[in-house]
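In: After the sequence you'll find the predicted model.
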Amino acid sequence: MATTIRAAAPADLGRVVQIEQAAFGATAFPYSVFRRHLDLSGKLFAVAEDTPGVVGFLLAARSVSPEVVWFLDLAVERSFRNRRIGRGLLSHAVTQCRSLGVSRIRGTVKPDNIPSQRVLHALGFAEIAYDPAYFGTGYPRRIVELDLR
Ligand SMILES: CC(C)(COP(=O)(O)OP(=O)(O)OC[C@H]1O[C@@H](n2cnc3c(N)ncnc32)[C@H](O)[C@@H]1OP(=O)(O)O)[C@@H](O)C(=O)NCCC(=O)NCCS
């Protein structure tokens, strides 16, 4: 089966949380955050589905500036990585943002997270800032943006 990408649904949340916990451990978002985003993010919360079911997801949300969307979370099950599923999820989010009339997509990435940066770079994201303590002391992040205008 080819991987398909579609909007997340309540039945997907169990798998989404498993993938999230495997990817991020103690800093993983809990079930409640994903449940809220089914209502808050709509089509900006997408899952990738393959033969065993959900194998990855991307979560994004509109900000107080309606023209700016932030991508908040992206993860692919380890055994399905490096098959361009991450890129597919981000590409899907970019398409959704264009259809919503969004001007800019922003996100953050750990400076040493090479796979994530490759996915972002492939879609045209560029670094616009660097915060050495974005998530507190010792948790630096590159802030990246894709300008859709
Ligand atoms: C980041 C993540 C979502 C990417 O998913 P994916 O489906 O593997 O992504 P893709 O297959 O589309 O692309 C991965 C890219 O990283 C590259 N890559 C993978 N491991 C690498 C490594 N150790 N060194 C250099 N490049 C590497 C791949 O070659 C590929 O680049 P390419 O398409 O230019 O060849 C996945 O690695 C993941 O879930 N990581 C843990 C959670 C995480 O870090 N999320 C991102 C938070 S911003």
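Out: Yep, that arrived.

In: Smallest gap between this structure and the ligand, at which residue?
Out: Nearest residue of the chain to the ligand, counting by CB to the nearest ligand atom: Gly86, 2.5 Å away. Where C-beta positions appear, they are placed from N, C-alpha and C, glycine not excepted.

In: Look at that residue and say how many residues are nearby.
Out: If you count neighbours by other CB atoms under 10 Å, Gly86 ends up with 24.

In: Could I get the contacting residues of it?
Out: By CB atoms under 8 Å, 6 or more residues apart in numbering, the contact list for Gly86 reads Gly56, Leu74, Val76, Pro115, Ser116, Val119.

In: Let's see that with 10 Å instead.
Out: Going by CB atoms under 10 Å, 6 or more residues apart in numbering, Gly86 touches 48, 56, 58, 74-76, 80, 115-116, 118-120, 122-123.

In: Over to Asn82?
Out: Applying CB under 10 Å, 6+ apart to Asn82 gives the contacts Val76, Pro115, Arg118.

In: okay, those in TSV with distance to the ligand, pLDDT and secondary structure next?
Out: Below are the contacts of Asn82 laid out as TSV (distance: CB to the nearest ligand atom, whole Å; pLDDT from 0 to 100; DSSP: H, G, I helix; E, B strand; the rest coil):
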residue	distance to the ligand	pLDDT	secondary structure
Val76	4	98	strand
Pro115	3	98	helix
Arg118	4	98	helix
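
In: need these in TSV with neighbour count, can you?
Out: As requested, the contacts of Asn82 are exported to TSV (neighbours: other CB atoms under 10 Å):
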residue	neighbour count
Val76	25
Pro115	12
Arg118	13
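
In: quick check, nearest of those residues to Gln96?
Out: Nearest to Gln96 out of the contacts of Asn82 is Val76 (CB to CB; 18.3 Å).

In: Dig out what the residue nearest to Arg15 when sequence neighbours are not counted forms beta bridges with.
Out: In this structure, Arg15 finds its nearest non-sequential neighbour in Val54, 3.9 Å apart by CB to CB, 6 or more residues apart in numbering. Beta bridges link Val54 to Glu49, judged by DSSP bridges.
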